[in-house]
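**Q** I need the structure of the sequence given here:
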Amino acid sequence: MSDADDQAMQEGTDPVVEKPFYDELSPEAQAQVEKLMRDLTENPAINCQFTFNWHGNEELASRAGLKIRLYGLLMREKWPSMSFEALKAITFHYDYEQALKDAAGADRSAPTPTKEAGGLSVGMMVRVADGVHLVMHESVALALASEDDEQSDWAQHVVRHELCHVADFAFKRALIAKHPDKCTYSGFESMMAPLAEAMWDEFFANAYSSGAWSDPRTFLDLLRDTVPQIHVDIVNAILDYRYNADLDGLLAIARPKVRFVAQCFGYAAGSLAAQGVTLEDGAPEEHAMLQRLGLLSAWDECVRVLEDLDRARPDWESVLDLTKLFPGCIALFAGFGLNYRPQGDGAYVDIPSTPETSPAQAMLRRMRLK
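**A** Model (predicted):
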């Protein structure tokens, strides 16, 4: 099913769209609309509780809920392997962070929205005892129910993106059940795994949620705005390390920032994959930026492996297939001046001197701070 067909199916089932539009559809498209309408009640792709704690009303909630259930059907129609059975609840809330805590419950830690500059979280998947719970800010539901195309398109991408996370969770859960001996990381691997998992998760979600409703610049702009600032932040942290020799303190600052860059790599790579273009062709300014900051080789390695993993995904041996991303993750750390290598049960991290992070630059920074 093409994006155009997908859009036509949505409009044909939207209660706000007038009947004349339905009459203009081809007989084949009308038959698909009728099938979708039957499946909404007889064979739904999404069959979970919806909660709206927001500034909307019942009519808007009904429309937003219908659209979400329709997106699930359209995604299942296009990719029959996609399953949303693990989805136990969807919540829209005006207090997003509190809703994340409520969904996680007292026995689990709630996922934390990024605090990095440029990162704006409006939806997250929370793991619960018997599956997952999607939590989104009320703005997503309000936009989804809006008759403003730009707002509705933005919300559609957000919802589809989160539904992709649900489907990928189900895929990985099945792999873990099949190979329970191949699902955990240890030692050096446990230091690379957070980057690899974040990168893959966002790559997959964007590659399969993008369409005519998506803004192709959104995640490229995030890459452009985020990476240079994180580069500056980590350079400054390394300069401080030259004086205080506090490696643990440096890594506490750098690791979450590099992980967020890995996440941004996944977002951007997935968006580009959906468009069928490369970074160099589709976003030459971002390509030049990564080259200038010494991160282009890491990008190329990560994208190559992400695309290989996607092609092989139905036949992954286990969730540990994600270890194929580790060389790219090591290269990404190195691009920020942190050279990781295995040592015993952990890692040795070398912080080489560069023109930006030399002892002389560290002295100049201390003089400026005084």
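
**Q** could you use CA atoms for every contact and neighbour count after this?
**A** OK.

**Q** mean confidence for the helix or strand containing W154?
**A** Following DSSP states H and E, one finds W154 within helix 149-178. For helix 149-178, mean pLDDT is 96.

**Q** if you count contacts, what does that helix end up packed against?
**A** For helix 149-178, the packing partners by 3 or more CA pairs under 8 Å, 6 or more residues apart in numbering; DSSP states H and E come out as helix 58-78, strand 123-128, helix 138-144, helix 188-209.

**Q** may I see the buried residues of it?
**A** Counting neighbours by 16 or more other CA atoms under 10 Å, one finds that the buried residues in helix 149-178 are 151-171, 173, 175-176.

**Q** what's the spacing between D225 and T218?
**A** In this structure, D225 lies at 11 Å from T218, with CA to CA, to the nearest Å as the measure.

**Q** one step back: can I get the helices and strands packed on helix 149-178 in JSON lines with mean neighbour count and mean pLDDT?
**A** As requested, those are arranged in JSON lines below (neighbours: other CA atoms under 10 Å; pLDDT from 0 to 100):
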{"stretch": "helix 58-78", "mean neighbour count": "18", "mean pLDDT": "95"}
{"stretch": "strand 123-128", "mean neighbour count": "21", "mean pLDDT": "94"}
{"stretch": "helix 138-144", "mean neighbour count": "23", "mean pLDDT": "96"}
{"stretch": "helix 188-209", "mean neighbour count": "22", "mean pLDDT": "97"}
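
**Q** relative to L279, which of those is closest?
**A** Using CA to CA as the measure, helix 188-209 is the one of the helices and strands packed on helix 149-178 that comes nearest L279, at 13.9 Å.

**Q** tilt between the helix or strand following that closest one and helix 188-209?
**A** Following the chain from helix 188-209 toward its C-terminal end, the next helix or strand by DSSP H and E is helix 218-244. Orientation note: helix 218-244 sits at an angle of 160 degrees relative to helix 188-209 (axes from the mean of the first three to the mean of the last three CA atoms, to 10 degrees).

**Q** quick one: distance of whichever helix or strand comes after helix 218-244 to the chain centre.
**A** Once the chain leaves helix 218-244, the next helix or strand it forms, by DSSP H and E, is helix 247-275. Chain-centre distance of helix 247-275: 11 Å, with CA atoms, centre = their mean, to the nearest Å.

**Q** enumerate the positions of helix 247-275 that are buried.
**A** Along helix 247-275, the positions that meet the burial threshold by neighbour count (16+ other CA under 10 Å) are 247, 250-251, 254-274.

**Q** again with stretch 306-316
**A** For stretch 306-316, the neighbour count (16+ other CA under 10 Å) marks 306-307, 309, 316 as buried.

**Q** out of those residues, which one sits closest to A331?
**A** Sorting the buried residues of stretch 306-316 by how near they are to A331, with CA to CA, puts L306 at the top with 14.7 Å.

**Q** how near is the closest one to L332?
**A** Using CA to CA, one obtains 14 Å as the distance from L306 to L332.

**Q** what separation is there between A129 and L87?
**A** 11 Å.

**Q** between the two, which one's more packed in?
**A** With other CA atoms under 10 Å as the criterion, A129 and L87 differ in neighbour count, and L87 comes out ahead with 25 against 11.

**Q** excluding covalently adjacent residues, which one is nearest to that one?
**A** Distances taken as CA to CA, 6 or more residues apart in numbering put V132 closest to L87, at 5.1 Å, once the chain neighbours are dropped.

**Q** export stretch 74-81 to PDB, keeping only CA atoms.
**A** Once side chains and other backbone atoms are set aside, the C-alpha atoms of stretch 74-81 remain, and they are given as PDB (Å, rounded to 0.1, in the frame of the first residue of the first chain):
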ATOM      1  CA  LEU A  74      -3.200   0.500   8.000                       C
ATOM      2  CA  MET A  75       0.200  -0.400   9.400                       C
ATOM      3  CA  ARG A  76      -0.800  -4.000   9.900                       C
ATOM      4  CA  GLU A  77      -2.200  -4.000   6.300                       C
ATOM      5  CA  LYS A  78       1.100  -2.800   4.900                       C
ATOM      6  CA  TRP A  79       3.400  -4.900   7.200                       C
ATOM      7  CA  PRO A  80       1.400  -8.000   8.300                       C
ATOM      8  CA  SER A  81       4.200  -9.000  10.800                       C
END
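
**Q** kindly tell me how buried D345 is, as a neighbour count.
**A** For D345, the count of nearby residues is 9 (other CA under 10 Å).

**Q** next one: it relative to L295, how far apart?
**A** 28 Å.

**Q** cool, L175 as well?
**A** 32 Å.

**Q** same question for R224.
**A** R224 sits 12 Å away from L295, taking CA to CA as the criterion.

**Q** same check, this time on P194
**A** Look at P194 and L295: by CA to CA, they are 19 Å apart.

**Q** same deal with C302?
**A** Here C302 is placed at a distance of 11 Å from L295 (CA to CA).

**Q** same drill for those two, tell me which one is more crowded.
**A** Taking C302 and L295 together and counting by other CA under 10 Å, C302 has the greater number of neighbours (27 against 20).

**Q** can you pull the contacts of that one?
**A** For C302, the contacting residues are 325, 328-329, by CA atoms under 8 Å, 6 or more residues apart in numbering.
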